[in-house]
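# got a predicted structure plus its sequence, pasted below:
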Amino acid sequence: MFNKILIHRLNIINNLKHERLENPDQLICAMVKANAYGVGLDEVVQILDGKVDFFGVSCFFEAKRVREISDAKILIVGPLEYGLIDESFSYTCNSLSDIETLIATSRPINIHIKVNTGMNRYGFSSLKELKRALNLIKCSNLHLEGVFTHFATADEHVDLQMKKFYKYLRLLKDYNFSPIIHADNSFVSETKNHHLDMVRIGFNLYNRESHWYVPAVEIRSTIVDVKTVKKGDLVGYDYRFVAHGSMRVAILPIGYADGFDIRYIGADIIVGDTKCRVLNICMDCFMLDISNTDLKKGDEISIIDKSNSLKYFANYSRTSEYEVMTKFSHMRAVRIVV
């Protein structure tokens with residue numbers, strides 16, 4: 001295989017250990033949705049199996065895939081998919097109708113109520129509606145396993161959202177529920193740790209680069225051809241690049257179908273100590289200026305690593321590191337745990 005995604009097992013374990021040190025009395029929910037943020041769901045679940053308290057996924061399809069690998073608790077944080085119910089999963093309820101639908105199954109189901117405190121995406125948005133839901137749950141087959149919210153930012157807006165969240169939590173005191181309370185994600189747990197019952201960690205497990213966290217993913221590709229072009233020659237489609245002079249151009253089999261976004265045209269990939277410019281990007285490959293190197297056909301280079309970080313590509317394309325990595329989710333590559 002020309003393309004490889006290397007998953008550094010010990011780096012993921014290191015990142016989890018640090019999260020445990022920061023949250024010694026909290027449960028850990030490892031978010032593995034979206035193919036573990038593009039890293040590789042199967043590989044990450046195998047690495048973390050037995051080391052975390054929950055795996056967090058977005059939908060029933062992802063939950064089933066995790067269950068094939070692990071017997072751990074699985075929380076589906078996405079919207080309820082009516083008709084797709086498995087009692088071994090925990091389901092998020094975003095509204096009164098979700099509660100009523102699950103009660104109608106007459107099955108013992110673990111649920112987590114989501115509260116909308118300012119993200120304005122999913123969740124209960126009124127105390128009155130939540131009170132009605134709690135009254136229904138009290139006399140039903142459902143088990144209120146958790147209550148949570150989701151932050152829109154990691155700055156002062158978090159304080160506003162937590163203030164709202166506490167209002168909803170106070171309502172629980174009128175009932176005999178003892179749910180797992182969770183809100184903090186990777187970034188908020190670092191900056192404004194609220195020391196609730198559980199923390200949901202995603203990006204920090206995989207590709208956060210800081211004093212404590214280390215990137216756990218490297219993407220490599222192999223040069224499949226080298227072309228010598230002269231001044232005036234086109235490289236790739238649509239006049240996106242016209243050679244200014246004689247150049248050596250490497251062809252690498254990663255294209256925008258693999259997640260190498262067309263917005264990366266003009267970005268630099270550092271090979272050794274040399275910056276090599278991305279000249280053009282096609283569906284199945286991209287072209288790299290290797291004029292100032294001795295690279296040749298068959299040589300392997302890193303596309304994402306310490307020198308070519310997700311943050312660099314995110315800043316270059318004016319997006320987030322999350323988007324950069326998840327685009328590689330279905331990359332035509334072999335994933336290797338090292």
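Nice, thanks for sending it over.
# quick one: least confident helix or strand in the chain?
Counting by mean pLDDT, DSSP states H and E, the chain has its least confident helix or strand at helix 186-191, which shows a mean of 79.
# which residues are contacting whatever helix or strand comes next after that helix?
Remark: after helix 186-191, the chain's next helix or strand is strand 198-201, criterion DSSP states H and E. Residues outside strand 198-201 that contact it (CB atoms under 8 Å, 6 or more residues apart in numbering) are 16, 19, 23, 26-31, 53-54, 56, 146, 148, 180-182, 184-186, 189, 193. (Each C-beta comes from the backbone N, C-alpha and C, glycine too.)
# please enumerate the helices of the stretch 51-200 of the chain.
Applying DSSP state H, counting those that start in this stretch to the stretch 51-200 of the chain gives helices spanning 60-67, 96-103, 127-138, 157-172, 186-191.
# circling back to that earlier point, of the contacts of strand 198-201, buried ones?
Among these, those scoring as buried are 16, 19, 23, 26-31, 54, 56, 146, 148, 180-182, 184-186, 189 (criterion: 16 or more other CB atoms under 10 Å).
# from these, which land in strands?
Counting by DSSP state E, the part of the buried ones among the contacts of strand 198-201 found in strands is 27, 28, 29, 30, 31, 54, 56, 146, 148, 180, 181, 182.
# which one of those sits closest to residue 246?
residue 31 (48.9 Å; CB to CB).
# what's near enough to touch the closest one?
With CB under 8 Å, 6+ apart, residue 31 has these contacts: 37, 55, 56, 57, 77, 200, 201, 202, 205.
# quick check: beta-bridge partners of it?
Here residue 31 shows beta-bridge partners residue 56, assigned using DSSP bridges.
# now it: how far from residue 69?
Separation of residue 31 from residue 69 (CB to CB, to the nearest Å): 16 Å.
# equivalent analysis for residue 179, please.
27 Å.
# do residue 315 as well
On the measure of CB to CB, residue 315 and residue 69 end up 35 Å apart.
# shouldn't residue 195 be in contact with residue 25?
Yes - applying CB atoms under 8 Å as the test, residue 195 and residue 25 come out as touching, 7.4 Å apart.
# who has more neighbours, those two?
residue 195 (11 against 7; other CB atoms under 10 Å).
# spit out the contact partners of that one.
23, 25, 26.
# which of these sits closest to residue 168?
Nearest to residue 168 among those: residue 26, at 19.5 Å, using CB to CB.
# residue 230 contacts residue 248, correct?
No - in this structure, residue 230 is not within contact of residue 248 by CB under 8 Å, at 11.3 Å.
# these two: which is more packed in?
residue 248 (17 against 9).
# give me the contacts around the helix or strand hosting that one.
Taking DSSP H and E as the definition, one finds residue 248 inside strand 247-252. Outside strand 247-252, the residues that touch it by CB under 8 Å, 6+ apart are 2, 221-229, 235, 276, 279, 285-291, 293, 295, 301, 303.
# just give me how far it sits from the chain centre.
Put simply, strand 247-252 sits 32 Å off its chain's centre (CA atoms, centre = their mean, to the nearest Å).
# do the same with stretch 103-115
Averaged over its C-alpha atoms, stretch 103-115 has a centre that lies 26 Å from its chain's centre (CA atoms, centre = their mean).
# CA atoms only for it, dumped as PDB, please.
Coordinates of each C-alpha in stretch 103-115 appear next as PDB, following Å, rounded to 0.1, in the frame of the first residue of the first chain:
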ATOM      1  CA  ILE A 103     -40.900   4.400  27.100                       C
ATOM      2  CA  ALA A 104     -43.200   3.000  24.500                       C
ATOM      3  CA  THR A 105     -40.700   0.200  23.800                       C
ATOM      4  CA  SER A 106     -41.300  -1.100  27.400                       C
ATOM      5  CA  ARG A 107     -37.600  -2.100  27.500                       C
ATOM      6  CA  PRO A 108     -35.000  -1.300  30.200                       C
ATOM      7  CA  ILE A 109     -32.900   1.300  28.400                       C
ATOM      8  CA  ASN A 110     -30.100   3.600  29.800                       C
ATOM      9  CA  ILE A 111     -30.600   7.200  28.800                       C
ATOM     10  CA  HIS A 112     -28.600  10.400  29.000                       C
ATOM     11  CA  ILE A 113     -30.600  13.600  28.900                       C
ATOM     12  CA  LYS A 114     -28.900  16.400  27.000                       C
ATOM     13  CA  VAL A 115     -29.500  20.000  28.000                       C
END
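# tell me which residues of that stretch are tucked away?
Buried-residue list, stretch 103-115, by 16+ other CB under 10 Å: 103, 109, 110, 111, 112, 113, 114, 115.
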